[in-house]
Every structure is written in structure tokens, then in C-alpha cells.
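Trainee: Kindly return the folded structure for what I paste below:
(chains A and B)
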There are 2 protein chains.
Amino acid sequence: MPSIESLVEAMVRGDTMSLARLISRVEKESPDAAEVLRLASPHAGKGYRIGFTGPPGSGKSTLVDQVTAVIRGRDGAPAVGIIAVDPTSPFSGGALLGDRIRMEQHYQDEGVFIRSMGTRGGHGGLPNVAQRAATLLEASGKEYVLIETVGVGQTELDVMDAADTVVVVMVPEAGDSIQTMKAGLMEIADIFVVNKSDREGADKLAQEIEASLHLGASATGWTVPVLNTEAHRGVGVQELMDAIDEHRRVSEESGELHARRERRRSAQFFKTVEERMVAALHDLLTSDGDLRALVGRIEAGEIDPYTAALDVLGGRWLSHISFSGPGGG
Amino acid sequence: MPSIESLVEAMVRGDTMSLARLISRVEKESPDAAEVLRLASPHAGKGYRIGFTGPPGSGKSTLVDQVTAVIRGRDGAPAVGIIAVDPTSPFSGGALLGDRIRMEQHYQDEGVFIRSMGTRGGHGGLPNVAQRAATLLEASGKEYVLIETVGVGQTELDVMDAADTVVVVMVPEAGDSIQTMKAGLMEIADIFVVNKSDREGADKLAQEIEASLHLGASATGWTVPVLNTEAHRGVGVQELMDAIDEHRRVSEESGELHARRERRRSAQFFKTVEERMVAALHDLLTSDGDLRALVGRIEAGEIDPYTAALDVLGGRWLSHISFSGPGGG
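Mentor: Residues are numbered from 1 along each chain as shown, chains lettered A, B, ... in the order given. Predicted coordinates for the structure are as follows:
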């Protein structure tokens, strides 16, 4: 088995197989994941991350496909990494289907790397895993990382924390549920897209979104645009890419991009420490007979979980925890 | 300010104001939350928890309302606690609206307590907070706890871990998205309800669900039924309650209920210890000058988050952490 160092070196040189293997390690939160990221980080940070979210069936995959084609058509054919996150599907059935469809267009394009994530992630959760996969894609030389997530729950919103520009995709049919999802989506959207804009209700939806947007003020000098697309025909895709470029420019000038990346870095630090602490706790469970017995008593209802937790936190067990794993210093 | 002990005593005697205040403390994850739960736990465990989940607009709130009316109409008028969770709405606009509508029916009924949760929860997350609020509702003497969550993301599925019987509510209009959400919902459903069953497509939806269910085998001797309801007219609600009772009976006999509650107790133990460990880490950040400086360097990109995390885990800082808070032993 090749060492972590040699895999990371190969990935940085552009080897796709090494990239895929390293993403798997990070995704499974294997003990050497932090070490992988430590080695990869110096090579990351040069990619631009664009997030796409919105309700199921809004055509996000098609839009991501079209945006990829626009980027690939630019001078120098910038490399693109795509992360498709589907938290609602533990068996990643939906995500795999997405891959298959996309493959038809980008199958033979070595400048495009696609990865689906359908599991819920380990201790750190899916948003964290997406964040780290994006770091690896950047380290492998992808100039753009597109992150797509299915659904409109909190997990999906959290995944978007990984993005520099967040595109929220809606469709006219989504009218019924817009009230429900509005608060969360309005907060994170840098650009709104009304896709399938040839359908009835598209204008009304765009107006509703505009009206909601006007309720909030922008602190960064950016006015969230509402764009119309018909992704399956490519209509409006160039305009969307222009808007993304413009948001990038404004966000760089205002310092917003810098601030987002700062927040992301410190969040990753805390998440990594948290995960290792939690993993150490779970390791202790399997190695310490007293603690195993305690969990047995908790399960049997002989002691309530909160009393037991306060007992353990009181210091009897925690001094046994070793935080350093294979990658630990 | 009354002591935790006196608040818990009052709650156990049935005082609604004390219940509301204690749920707030648990919801905000205040430092004494574990102590609140430790005192309340001996009085909990006698309520039966029914979860309702499904896509927005499927009529879950109306169904929960109707089921509440059926329970309240039983011999002895069993007390009901309702937890309405809306992870997609940080401002709890949707959840509050739900309250207002419900109030019309159960406003003057002292045997019904309703609580909305619209925030994402703290370190422990919303599923954890819902779990704990259910414990407090039980301790306050609620014989049934109904937990309703809006949406179909991973958070919503996780909230259902708190329930003894999980009812998944669908509507004919949901046909488009059923493929997307199927995997997650199929795993957790004990009972399927096709609500608004007078609408076009209801039979087709019921057949699709039945077909999907037949793909999976039941390990516990329970066959997941697919029921039709028209919640707004009360049609099928008694049959739903009968199915819930039947699932409860089968689940008690097979040991499934016992196993679920065991898992729930040990999960709460781990979650509580995890939270306190993480809280201690964050406390350390604000009190330790070296660590604050390190976070500054991480944000500035001078050191990558993973190297910094491995450094910290290497032992230089963690020995400073105090795990015991106000409720610590």
C-alpha cells in the first residue's frame, strides 16, 4: 500500500486515482484523514468554490453540468471538480444516478472529476466531509470546485458553508414550499436561479423571491440577483456564469471572500479537534471494561444517561483518553 | 430565581410554566441542562413517543392535531405533549404559524402542551434537543409525546430517532420527489400515511410505496402498513391511531421497543459527554491566550487547520480543559 505522502504527491501532480483514494479516506474519516489534509492543505486554496442547492427536481445537476461546460470552454480549459452531496439517500442511489447522467457529457474529459457522497458522514457530518473533499480537489489542481446538494434541510444548508458563491436553484413548482424553506435559503443565497423558467409560474416565483430579498439588507455591497435559466437547453447559463464571476469580484474587493475563508479555516480546526476527541471517547468505550459496564447499566435503565455522563465528566474516566492517533503529533 | 430542583419538582407535579422554562434551558443547552435532565429522568420513561415526518405541505400538523383529539377522547383523557421541529426555518416562522393554527383547537385544553423548535440546536443539534424535550414532557406526566418535523433532510430523519413509532406522511403531489427521499424514509417508517387521499394520484402513490416496501424484509415481525387519510376532515385518523396502537403492541412483544429505548439511552449518554467535551474546548479558546493566537494564525492561513488540530491534540493544550461545569460531579 502506498504511503499517504506518496499518494498526496501523486494527487498534487494530477493523478486521478490517488485523488479518488484520498477522498475516500477523508470521507470515511479514517484515522489518517487529518494527516492527509495536513499534507494537502499547502497545495489548496487556489480553487474557487461554487455551491448549488435547492429542492429536489429543480434541475441542479443539469445546471452544474452546463456551468461545467462553460468553464471548460474558457481560455486554458480550467479543471473542474464536482462534489454531489445527497444527504437524503444513505444508499447513494440518487447520487449514483446523477453520476451516470453526467458521465455522458464529461465522461472522456480528464479535466473534470466527479464525486458523489450519499452517506451521512461520520462524527463530523456531511458538510464537513464536503469541505474536506473540496480541499483535496483544490490540491489536485482543480481551479473550480462545484458543490451540489439535493434537498432543503439544515444539512444541505450547512454543506453550502464550503462555497465561495452560493447559487440557490428554484423551479416554478416549488411555489408551495417556498414559505417553508425561505428563511434558510434567503440567508445563504448569493445568486438565485429560477430554472425551467419556460414553465407557468416562473415570473411569479421570481417576483416572490425578489420581494423577499428586498426585506434584507446587504452588508457587503452585493445585491442578490434573480436569474432565469432553462438548464436543459443551456438558456441563461452564460449569464449565470457572468453573475458568479461578478459575485467573485465584488466579494474579493469587499473582503467578504477573505472573511468567509477565515471562518472556514477556524471551523475546520475546531471540527477536527472535536472529531478526534469524540473518536477517542468511543475508543475508550471498547477498551475500558468499567465504561462498557456503565453503558450496559445505562441501556438497562439502571442509571440515567445524564447522571452517568456527569459522573464520567467528573474525571473518573477521561484521563484515560489518548487523543493522538496514527497521524497525531 | 427558583432552583433547578424546585423547577423540576413543580414540572413533575404538572406545572406548565416550569415545564416551559426547563425545556428552554435544555433547548439553549445551558450549562445546567444535564443537571435538569438528571433530575427529570427518574420521572420519565412512561410516555409513548410517536413521530410524524414527511415533506412540507403534506398536512402533518393537521394530522398531529387530529391524532391529539383522538388520544384526548380516550378513557382518562391522557395528557399529550407535542414537539414541532422545523430545521429549515432558523427564525421558526413556520413553526410559530403551526402553533397558532393548533391553538385554535387545543388552546383551552390543559392536557395538551405544544412546543415549537425552529433553531438548529447547539453542539448537540436539533435531534438531540427534541430527544431531551421529550424526556421532560414525559417527566411532566404526558402519556403521549408527538414529535413532528418539517422536511425530508437528514436532520429530520435523525429527529425521528426519538420516536417509538414513526409515521411517515406523504401526499399525492410528492410523487416527483419520492425517488429522492425514498431510501431514508423507507428505513425509518413504521407506518406510511397517504394524506389528502381524495386527490388525484393517491392510489398510485400508495402502490408505489407498497412496492418499495416489499423490497425490504422486516426483522421484527411488523409489516409496515400504508394508510389513507384526509386529515382536514378527520377521515382515517381513528384507523391511524389503531395502527399506532398495534405497532406499539407488536414492538413491545418482539422486544423492538425495548431495543430502541436502550439505543436511545446510550446515544444520549455519548451525546452528553461529547457536548461537554466540545463546550470545554470552546471555553478554552476564550480563556487561553496561546490558543486564541493559534486560531488567529489559522484564520490568516499561516498554519493549516489540520496541522494545528494535530498539534493541539498532541497534548500541548488539552490538559488544560476542565470538563466539569455547574452540574458536574
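Trainee: make it CA atoms for all contacts and neighbour counts henceforth
Mentor: OK.
Trainee: which intervals of the stretch 201-329 of chain A have sub-threshold pLDDT?
Mentor: Applying pLDDT under 70 to the stretch 201-329 of chain A flags the ranges A:215-220, A:315-329.
Trainee: Is any residue of stretch A:127-146 near chain B?
Mentor: No - contact between stretch A:127-146 and chain B is absent, the nearest approach being 10.4 Å (criterion: CA under 8 Å from any CA of the partner chain).
Trainee: Could you give the average pLDDT over stretch A:16-30?
Mentor: Along stretch A:16-30, the predicted confidence averages to a pLDDT of 89.
Trainee: can you check stretch A:54-69 too?
Mentor: When the per-residue pLDDT values of stretch A:54-69 are averaged, the result is 88.
Trainee: Next, count neighbours for residue A:260.
Mentor: As a burial measure, residue A:260 scores 16 neighbours (other CA atoms under 10 Å in any protein chain shown).
Trainee: mind checking how far it is from chain B?
Mentor: Taking CA to the nearest CA, to the nearest Å as the criterion, residue A:260 is separated from chain B by 10 Å.
Trainee: Likewise for residue A:86?
Mentor: 9 Å.
Trainee: give me the number of residues near that residue?
Mentor: 31.
Trainee: which residues touch the residue lying closest to residue A:34 once chain neighbours are set aside?
Mentor: Nearest residue to residue A:34, sequence neighbours excluded (CA to CA, 6 or more residues apart in numbering or on different chains): residue B:306, at 5.6 Å. Each residue near residue B:306 by CA atoms under 8 Å, 6 or more residues apart in numbering or on different chains is listed here: A:34-35, A:37-38, A:268-269, A:272.
Trainee: Check which residues of the strand or helix carrying residue A:294 are buried.
Mentor: With secondary structure defined by DSSP states H and E, residue A:294 is part of helix A:289-299. When burial is assessed from 16 or more other CA atoms under 10 Å in any protein chain shown, helix A:289-299 yields the following buried residues: A:291, A:294-299.
Trainee: Run through who's touching that helix.
Mentor: A:284-286, A:303-305, A:308, A:317, B:261-263, B:265-266, B:269.
Trainee: From residue A:221, how far off is residue A:246?
Mentor: When CA to CA, to the nearest Å is applied, the distance between residue A:246 and residue A:221 equals 12 Å.
Trainee: swap that for residue A:235, please
Mentor: 28 Å.
Trainee: Comparing these two, which residue is more hemmed in?
Mentor: Neighbour tally, residue A:235 and residue A:221, criterion other CA under 10 Å: the higher count belongs to residue A:235, 16 against 12.
Trainee: Using ChimeraX, make a named selection holding only the buried ones among the contacts of helix A:289-299.
Mentor: Per 16+ other CA under 10 Å, the buried members of the contacts of helix A:289-299 correspond to this ChimeraX selection:
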select /A:284,285,303,304,305,308,317 /B:261,262,265,266,269
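Trainee: what's the most distant pair in the contacts of helix A:289-299?
Mentor: Every pair in the contacts of helix A:289-299 was compared (CA to CA); the two farthest apart turn out to be A:317 and B:261, at 24.8 Å.
Trainee: got the contact list for the helix or strand containing residue A:166?
Mentor: With elements taken from DSSP H and E, the one containing residue A:166 is strand A:165-170. Residues outside strand A:165-170 that contact it (CA under 8 Å, 6+ apart) are A:49-55, A:58-60, A:160, A:185, A:188-195, A:244, A:247-248.
Trainee: Now, those residues that are in helices?
Mentor: For the contacts of strand A:165-170, the ones inside helices are A:60, A:185, A:188, A:244, A:247-248, with DSSP state H as the criterion.
Trainee: All good on my end, thank you.
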